[in-house]
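Engineer: here's my sequence, what's the structure:
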Amino acid sequence: MLPRVRSLQFRHGLATLRYDAAGNGEPVVLIHGLSGSGRWWRHNVPVFSQSHRVFVLDLAGYGGARRQRSLGVREDAALIAAWLDNQNLHDVTLIGHSMGGHIALHVAALRPVRVKNLVLACASGLLDGHPVRVALKLPRAVVTGRKSFVPRILLDAARAGLPNMWRSTVHLLGDNILDVLPGLNVRTLVIWGARDALVPVRLGRALAAAIPGARYEEIAGAGHVVMVDAPEWFNSLVLDFLREGTAQ
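Structural biologist: As a prediction, this is how the structure comes out:
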């Protein structure tokens, strides 16, 4: 197995993408959401890296790249697409949570020859409304999830800072993905927490219905951070989906 490496970085223009890597096999790229960091995948990386080369990203403005100015979802996608080119990655599985799923949709559209599978976890792509109204849902979204994870949510949000989070929120709410979805030609799994108070279940079902051939799975009892609230179920759904793709 390839050694685990930490705090790598890719610079493209004025932006920096930071990432860790672990395991070997076909590449899996994990993209965190708004106010998040690569640490949000700590229950998933050990499992996925047993059969895949797992790349855990910190988006510009967050986690290890928090000193950067945050980007818009399409700018983040362009940065990740450039990184995929730089690493010459093929047969990639993109797994994105919340804003990360939104970004992953654009990456798949930009690099269809590199992306093999797409997993969207409570993705924000169809979320709309005024940024303040969306922000008011955050406390409820936090308390409907795993309570032990609340300190990590608050710490990563504080480290990112309000300017970065506000800028990201405005960009994602202003982005229209409806022009992207019908043309996607990639195996897609949409996973939602049934108790998601930030991006409602109805949006998850609508997102899956708008992507050709997408599969929808809903995890009872899980909230918005579905891969933390129900990691075993989440990991099983993802790995089964990937195995099915390999068998085809």
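Engineer: contact partners for W41?
Structural biologist: Shown in contact with W41 (CB atoms under 8 Å, 6 or more residues apart in numbering): L30, H32, V56, M227. The C-beta positions use only the backbone N, C-alpha and C, and glycine is treated the same way.
Engineer: what does the host helix or strand of the first one contact?
Structural biologist: For L30, the enclosing helix or strand under DSSP states H and E is strand 27-31. Identification of contacts with strand 27-31 by CB under 8 Å, 6+ apart yields 38, 41, 44-45, 48, 52-57, 59, 80, 84, 89-97, 100-101, 103-104.
Engineer: separation between the residue positioned nearest the centre of the chain and N24?
Structural biologist: Centroid-nearest residue in the chain, with CA atoms, centre = their mean: G96, separated by 1.8 Å. Distance check for G96 against N24: by CB to CB, to the nearest Å, it reads 22 Å.
Engineer: I figured S124 hits I103, correct?
Structural biologist: No: S124 is beyond contact range of I103, at 9.2 Å (criterion: CB atoms under 8 Å).
Engineer: nearest spatial neighbour of R4, skipping sequence neighbours?
Structural biologist: The spatial neighbour of R4 that comes closest, neighbours along the chain excluded (CB to CB, 6 or more residues apart in numbering), is A22 at 4.0 Å.
Engineer: now do A206
Structural biologist: L126 is the one closest to A206 (CB to CB, 6+ apart), at 5.9 Å.
Engineer: count of neighbours near the one you found?
Structural biologist: 18 (other CB atoms under 10 Å).
Engineer: is W40 in contact with M99, as I believe?
Structural biologist: No: applying CB under 8 Å as the test, W40 and M99 come out as separate, 11.6 Å apart.
Engineer: please identify which of these two sits among more neighbours.
Structural biologist: A count of neighbours by other CB under 10 Å puts M99 above the other of W40 and M99, at 29 against 24.
Engineer: how far away is L173 from Q9?
Structural biologist: 29 Å.
Engineer: and those two? which has more neighbours close in?
Structural biologist: Shown here are L173 and Q9; by other CB under 10 Å, L173 has more neighbours (16 against 12).
Engineer: how about that one, phi and psi?
Structural biologist: The phi/psi pair for L173 (degrees, to the nearest 10) reads phi -70, psi -20.
Engineer: local confidence estimate at it?
Structural biologist: The score at L173 is 87. That number is its pLDDT.
Engineer: what do you get for G64?
Structural biologist: The pLDDT attached to G64 in the predicted structure is 82.
Engineer: gap between G161 and G204?
Structural biologist: Following CB to CB, the distance that separates G161 from G204 is 29 Å.
Engineer: A210 too?
Structural biologist: As judged by CB to CB, A210 and G204 stand 11 Å apart.
Engineer: which one's more surrounded, the two?
Structural biologist: G204 (27 against 17).
Engineer: I'd like the next helix or strand past the strand or helix carrying the more buried one.
Structural biologist: Here G204 sits within helix 201-210, counting by DSSP H and E. Later in the chain than helix 201-210, the nearest helix or strand by DSSP H and E is strand 215-219.
Engineer: that older thread, helix/strand/coil for the residue nearest to the centre of the chain?
Structural biologist: With DSSP: H, G, I helix; E, B strand; the rest coil as the basis, G96 sits in strand.
Engineer: sounds good, over and out.
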